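J.: From the sequence below, what's the structure:
(chains A, B, C and D)
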4 protein chains.
Amino acid sequence: MADVAGLEIAGVALGSRLFMGTAGYPNQLTLLDALEAAAPSLVTVAIRRISLDAYGGSLLDELGGRFRLLPNTAGCATVRDAVLTAELAREALETNWIKLEIIGDRETLYPDAEFLLQGTAALVKAGFVVLPYCTDDPVLCRKLADVGAAAVMPLGSPIGSGLGIANPYNIERICAQSAVPVVLDAGIGTASDAAQAMELGCDAVLLNTAIARAHDPVRMAGAMAAAVRAGFDARGAGRIPRKFHAEASSPELGLIGA
Amino acid sequence: MADVAGLEIAGVALGSRLFMGTAGYPNQLTLLDALEAAAPSLVTVAIRRISLDAYGGSLLDELGGRFRLLPNTAGCATVRDAVLTAELAREALETNWIKLEIIGDRETLYPDAEFLLQGTAALVKAGFVVLPYCTDDPVLCRKLADVGAAAVMPLGSPIGSGLGIANPYNIERICAQSAVPVVLDAGIGTASDAAQAMELGCDAVLLNTAIARAHDPVRMAGAMAAAVRAGFDARGAGRIPRKFHAEASSPELGLIGA
Amino acid sequence: MADVAGLEIAGVALGSRLFMGTAGYPNQLTLLDALEAAAPSLVTVAIRRISLDAYGGSLLDELGGRFRLLPNTAGCATVRDAVLTAELAREALETNWIKLEIIGDRETLYPDAEFLLQGTAALVKAGFVVLPYCTDDPVLCRKLADVGAAAVMPLGSPIGSGLGIANPYNIERICAQSAVPVVLDAGIGTASDAAQAMELGCDAVLLNTAIARAHDPVRMAGAMAAAVRAGFDARGAGRIPRKFHAEASSPELGLIGA
Amino acid sequence: MADVAGLEIAGVALGSRLFMGTAGYPNQLTLLDALEAAAPSLVTVAIRRISLDAYGGSLLDELGGRFRLLPNTAGCATVRDAVLTAELAREALETNWIKLEIIGDRETLYPDAEFLLQGTAALVKAGFVVLPYCTDDPVLCRKLADVGAAAVMPLGSPIGSGLGIANPYNIERICAQSAVPVVLDAGIGTASDAAQAMELGCDAVLLNTAIARAHDPVRMAGAMAAAVRAGFDARGAGRIPRKFHAEASSPELGLIGA
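T.: Here you go, the predicted model:
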């Protein structure tokens, strides 16, 4: 985990440990209000090759003026498709940062580990700052960093599932050994999940569905921002150990009559 | 759960949903700083009959001047002992509020359900506002409210264990059906546990060991206060359902090229 | 846990650590086949005051000829009702054994701890061998044994829920300290739950819905009997500790080339 | 999951769904007794290049005469090393079956997904029947089958950890979609873990440390064999659904007085 003062990826200081996606909001106003409520330091946007020339652009301009954008390759299933999408994104959004998504399974939207390694290597070579969305596999995360990933973004559970962190053991291990920042991506359902990610040692959390599809997205955005800070501070504060026997707080150490 | 605006117990509006204990801190200064960082609306203090006349009183005066005190009967194992302790507390601290603890097992410090019902009834009759520390048993919680408890305080897991909420099903059920406020008491280890308690529907959380024995109690106090608010807001915001199949956030709903 | 050789309750040796209920089967033939497949040492039957004189009796005769019957007071919500039902059962079935159920909540069917203590004491005084269905509260279990219960039957989770053992910590604690046999009752969904109950230290498991409402009750009955034995033997065999770091089985200790 | 009658890998019918490792036993007699108690259909042995010519061979001859041996490449960290080890195994043990292990992390002993794909493809091409030990990644498992693996062997948790199945969601998904048999490998601690693996849909379970290092390995071997059968039958029998509200078994469906 980076030190308390702040998070840095590829030499860029990021003022918040919460990143947000922009998809699935009931409308643009709610999206903008949610962004304002949570104040993320990175905002992901989906690039899709086919229709890029068709979008209006005004929302994108507005977002780009206020947030650091992180284009992603959502929907890509091959290395070639992902690389092409990344290049389109670089041209359209004038950023060499890319969240690399290469989906290996249409149902779970799980990433393809092998293709991620190839895609990351290719994009790093082409000058990109690459943040791959990956499985919670400590060996994969290490190898992604070895080929140049600027951060790794392991999943907690399937995208949009709200199941939280299915395997805390793996996330903790990835954080403990990673040479680059670790961003928990996918699966978060509610505030306690986000806090837990930080307590396990993650450097940041990326949220989309949990906010966008909450009953009140703006209120949830604020809750998530507070939860990320709470989890980060709780980790920094050093939690008590888990004990399988009770330990009296009051009797031996009562304020009165000690 | 009480409405968003605030928590009320026995007609008294409480400005925060975090309550704190005062035992086990490394020193008084840390305790005071932690209280300042978390700003609890109730502060529990342990009353023990034998040595009540021996305490200096200056710390207690300072606490009493800044916080609403909630004396507790920690260390009592019989109804008679608990009632006597409550009466001493009322006299010494000039409050008729009492957190009723009657321990049924020295090792787990689990409460005795049967004695709690008797003790609550006796103290209510004697004019007390009674908040019993109890098991996570929905039937017991209902019966405690029936005999006049002003709130119920079910445990998450054993006191000081840091194991979090062992049985979220029971806590959620207690919250869903309770006619009085529900305060999660005991077992919290870190911020995500406190957030989860609020997400399950608790009206407040009482914390002692998780703050007092953290490596940095003051920082943990702030983290816990943020976590309680995050959990409360996340519940109010209406979380997404848990799904056992992934749901794409980006592809179908991409910001660009929709 | 009783020793390996066998389970004894109230001085009676029971040849199996699986008990079965008889309700909810698709038909009598399936019930009888399931009983044969699992060979339980106790079979519970529900007694209800109102219609006792209306039953035909042939099934009951058949069961009574082949199994030790354990009548229960299912459906009772007061001490008085449970005691009356127990007395009817004793007369009708010629057994002084009774599974005491006193329900405190119609939705969860959770037992009422306070009434169980009163009911157990009253029935013990009246000469019954009492096995109360209770919550997973270690203090309650101890007090039930103190007033004369011949065994305690804590729940894993709500009756018929199939949620398994919601709070393994409590079940393990109850087993570790109990002066009488502990029978896990309610909540089991599948074979691994039954094995886990035995691994936590239970002396036996009582199953009804998990078998009766399985797609193939007879096959599930056999699976459960195997699982109970597996869990009992696994506990007796002494499991390896849980480690949060991997330990090579092969490399250092390879069969070949050591 | 293969049908009830039996498990088949690469056209070979295997009479048991329990596979066993041979490392870490207190002595050879205990190993042989444990094998007899559990009657596995495959027995893994570790091949290590350097000292292959040094082993005595009598134990190996005895095992080979009674069990189908499955040599493994434990200790290998590169594709090249694993392929060489497999070739040595084929020569020494006269079998073209190989359990492919390529370790990517010395501390967790987690496999390297990328190398496994390469190694599996190379060994299949060289005429081996390949069973790779892999992560619980559904995409990796599909790709391993695509390049010719005869079965996939996802981990439950780290080797020797006894932590059980860390991510049941992933194991269930792998089983639901796999075109080849799924063998749960690594992490099992006790009987209920083995039963759970089968309930999630695994075709078989491979056990080593949980038996070898139990206090009584022979008794644990028997417990595990019973647990695997119990889990397999429980899955076949069709378990009841999990419900978050209780459902009375007795009152509405009492045997007596319906």
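J.: So A:R229 versus D:E91, what's the distance?
T.: Look at A:R229 and D:E91: by Cβ to Cβ, to the nearest Å, they are 61 Å apart. (Glycine included, C-beta is placed from N, CA and C.)
J.: er, A:A191 I mean
T.: Counting by Cβ to Cβ, the gap from A:A191 to D:E91 is 59 Å.
J.: Those two: which is more packed in?
T.: Neighbour count, other Cβ atoms under 10 Å in any protein chain shown: between A:A191 and D:E91, A:A191 has more, with 36 against 11.
J.: That one is in contact with B:E199, isn't it?
T.: Yes: contact criterion Cβ atoms under 8 Å: A:A191 and B:E199 qualify, at 6.7 Å.
J.: Give me the common contacts of the two.
T.: B:231, B:234 (Cβ atoms under 8 Å, 6 or more residues apart in numbering or on different chains).
J.: center of chain A - which residue?
T.: Taking Cα atoms, centre = their mean, the centroid of chain A lies closest to A:L206, which sits 2.6 Å from it.
J.: Need the three-state assignment for that residue.
T.: Here A:L206 is strand, with the state taken from DSSP: H, G, I helix; E, B strand; the rest coil.
J.: contacting residues around it?
T.: Counting by Cβ under 8 Å, 6+ apart, A:L206 touches A:19-21, A:42, A:44, A:153, A:183-186.
J.: now, which of the residues you listed lie within helices?
T.: Within those, no residue falls in helices by DSSP state H.
J.: so the residue nearest to the centre of chain A bridges to which residues?
T.: Counting by DSSP bridges, A:L206 is bridged to A:F19, A:D185.
J.: And the pLDDT at it?
T.: Per-residue pLDDT puts A:L206 at 97.
J.: cool, and A:A195?
T.: 98.
J.: And it, how far from chain C?
T.: 21 Å (Cβ to the nearest Cβ, to the nearest Å).
J.: How many residues are close by that residue?
T.: By other Cβ under 10 Å, neighbour count at A:A195 equals 35.
J.: Could you confirm whether the helix or strand that contains it reaches chain D?
T.: Secondary structure from DSSP states H and E places A:A195 in helix A:191-199. No: Helix A:191-199 is not in contact with chain D by Cβ under 8 Å from any Cβ of the partner chain; minimum separation 14.7 Å.
J.: cool, stretch A:232-249 as well?
T.: No: Stretch A:232-249 is not in contact with chain D by Cβ under 8 Å from any Cβ; minimum separation 14.8 Å.
J.: Distance from the chain centre to that stretch, please.
T.: 26 Å (Cα atoms, centre = their mean, to the nearest Å).
J.: and that stretch with chain C, contact?
T.: Yes: under the criterion of Cβ under 8 Å from any Cβ, stretch A:232-249 makes contact with chain C via A:F244.
J.: mind saving the C-alpha coords of that stretch as PDB?
T.: Taking Å, rounded to 0.1, in the frame of the first residue of the first chain, the C-alpha atoms of stretch A:232-249 are listed here in PDB:
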ATOM      1  CA  PHE A 232      -7.900   3.200   4.500                       C
ATOM      2  CA  ASP A 233      -7.700   4.800   7.900                       C
ATOM      3  CA  ALA A 234      -8.600   1.600   9.700                       C
ATOM      4  CA  ARG A 235      -5.800  -0.200   8.000                       C
ATOM      5  CA  GLY A 236      -3.400   2.600   8.800                       C
ATOM      6  CA  ALA A 237      -4.600   2.600  12.400                       C
ATOM      7  CA  GLY A 238      -3.700  -1.100  12.900                       C
ATOM      8  CA  ARG A 239      -6.700  -3.200  13.800                       C
ATOM      9  CA  ILE A 240      -7.000  -5.500  16.900                       C
ATOM     10  CA  PRO A 241      -6.200  -9.200  16.200                       C
ATOM     11  CA  ARG A 242      -9.100 -11.600  15.900                       C
ATOM     12  CA  LYS A 243      -9.400 -13.700  19.000                       C
ATOM     13  CA  PHE A 244     -11.400 -16.800  19.500                       C
ATOM     14  CA  HIS A 245     -11.900 -16.100  23.200                       C
ATOM     15  CA  ALA A 246     -13.500 -13.100  24.700                       C
ATOM     16  CA  GLU A 247     -11.500 -10.400  26.400                       C
ATOM     17  CA  ALA A 248     -13.200  -8.200  28.800                       C
ATOM     18  CA  SER A 249     -13.000  -4.500  28.000                       C
END
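J.: Please report the distance of the residue nearest to A:C175 when sequence neighbours are not counted from chain B.
T.: Leaving aside its sequence neighbours, A:C175 sits nearest to A:G201 (Cβ to Cβ, 6 or more residues apart in numbering or on different chains; 3.0 Å). According to Cβ to the nearest Cβ, A:G201 and chain B sit 13 Å apart.
J.: Touching, A:G201 and A:R235? I think so.
T.: Yes: when contacts are counted by Cβ under 8 Å, A:G201 is listed as touching A:R235 (6.7 Å).
J.: These two: who's more crowded?
T.: A:R235 (23 against 19).
J.: In which helix or strand does that one reside?
T.: helix A:217-237.
J.: thinking again about what came up before, in contact with the residue nearest to A:C175, which residues?
T.: Contacts of A:G201 (Cβ under 8 Å, 6+ apart): A:1, A:171-172, A:175-176, A:182, A:235.
J.: and if you look at A:D137?
T.: Taking Cβ under 8 Å, 6+ apart as the test, what A:D137 contacts is A:113, A:154, A:170, D:110, D:113, D:135, D:137.
J.: How about the second one, nearest residue that isn't a chain neighbour?
T.: The spatial neighbour of A:P154 that comes closest, neighbours along the chain excluded (Cβ to Cβ, 6+ apart), is A:D136 at 4.4 Å.
J.: what's the burial count for that neighbour?
T.: Neighbour tally, A:D136, other Cβ under 10 Å: 29.
J.: What pLDDT is listed against it?
T.: 97.
J.: now swap in A:L184 and tell me
T.: 98.
J.: ditto for A:L60
T.: A:L60 is given a pLDDT of 79.
J.: Next: the one 4 residues further on.
T.: Residue-level confidence at A:G64 comes out at 80, pLDDT.
J.: pretty sure it is in a helix, no?
T.: Yes: under three-state DSSP, A:G64 sits within a helix.
J.: Could you tell me how far stretch A:66-73 lies from the centre of the chain?
T.: 12 Å.
J.: Before I go, just wanted to say thanks for your time.
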